[in-house]
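> predicted model, plus sequence, below.
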Amino acid sequence: MRSKILLMTLAIATPALMSAGLLDTTVTIGIPTIDDYFFYIECSTTTTPPCSQNFGPIHHGKPVPPVTDYQILNTVPGSIVSGYLTVLGLDAATGTHVVAGLASSVNIANDPWPFATPEATIITDLQTADTADLSVFFSTPANLPDWVAYSAGTNTTGNFGEFSNGVVVGSLSVSLTAVPEPGTLALLGCGLAALIFVRRKPEVRRKPGS
C-alpha cells in the first residue's frame, strides 16, 4: 500500500517538471537603439493551430544604450518545442535605420533589404508603435526563415544587421529549456515524504505480559 502511495505521488510530480519552459534570449549590440520590440513565435505539436505569436516593447520611445549580455527571459508552456524570434528597432543615432535580429545564414554585409515589405514602412511602424503591422511583418511565412529559429534543448545564435549601412552591429542567442512551475517543489516534497514513510520500519508490537 505504501509503495502505491509513493508511485502515485511521483506520477503526479513528474509531469509537473515538464509543465513550463524558459525561453532565454541574450542580446549583445554595439550601437544605441530606439523603439525596440521583441517578437517571438511559439510552436507546439499539441495545439491547433500549432503556433502562436507574442511580442512586447523594449523601452519604446527611449534610447537603449549599447549593451552586453542583455537577457530577455520568457516563461512559455511546456508543450512549446520550437519557434522563431527577433528584436526589431531603429539606430538611435538617426532614428531611420532598421536594426533587426536575423538568422546567422542571412548575409548582412553589403546586402540589400531582404524583405518584400519596404524598409521605410517598418521604420514608420516602429516610430508610431504600429504593433499590428509589425506583427504581420514578423509572422509572414516568407519572412520566418530570416529570423532566429530555436528548438528545445539547443542553443541558436544570430546577428543584428543594420541594412542601410550593410553592417553587423551585434549578436543574439536563444535557448529553450524545461523548468519547474510553482508548486512543483511542493509536489516533490510530498514524494520525498512518501519515500521516507515507505522506508520507515514499522514498530514492533509487544505481546501483553511480555
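Good, I have the coordinates.
> all contacts plus neighbour counts: C-alpha atoms, from now on.
Noted.
> for Thr86, list each beta-bridge partner.
According to DSSP bridges, the partner residues bridging Thr86 are Phe39.
> quick one: contacts for it?
For Thr86, the contacting residues are 38-40, 100-102, 147-148, by C-alpha atoms under 8 Å, 6 or more residues apart in numbering.
> and if we set it to 10 Å?
25, 37-41, 55, 100-103, 138, 144, 146-149, 158-160, 172 (C-alpha atoms under 10 Å, 6 or more residues apart in numbering).
> please enumerate the helices of the chain.
Ranges of helices in the chain, per DSSP state H, are 2-16, 119-128, 131-139, 184-199.
> find the residue at the geometric middle of the chain.
Leu23 (2.6 Å; C-alpha atoms, centre = their mean).
> list the contacts of that one.
Applying C-alpha under 10 Å, 6+ apart, we find Leu23 in contact with 40, 42, 72-76, 80, 82, 150-152, 174-178.
> swap in 6 Å and give it another go.
73-74, 175-176 (C-alpha atoms under 6 Å, 6 or more residues apart in numbering).
> could you do Gly83 as well?
Here Gly83 is in contact with 41-43, 149-150 (C-alpha under 6 Å, 6+ apart).
> coming back round to it: among the contacts of Leu23, which ones are buried?
Among those, those classed as buried by 16 or more other C-alpha atoms under 10 Å are 175-176.
> and which of the contacts of Leu23 is nearest Pro50?
Nearest to Pro50 out of the contacts of Leu23 is Leu176 (C-alpha to C-alpha; 17.0 Å).
> now that closest one: how far from Ser79?
Separation of Leu176 from Ser79 (C-alpha to C-alpha, to the nearest Å) stands at 11 Å.
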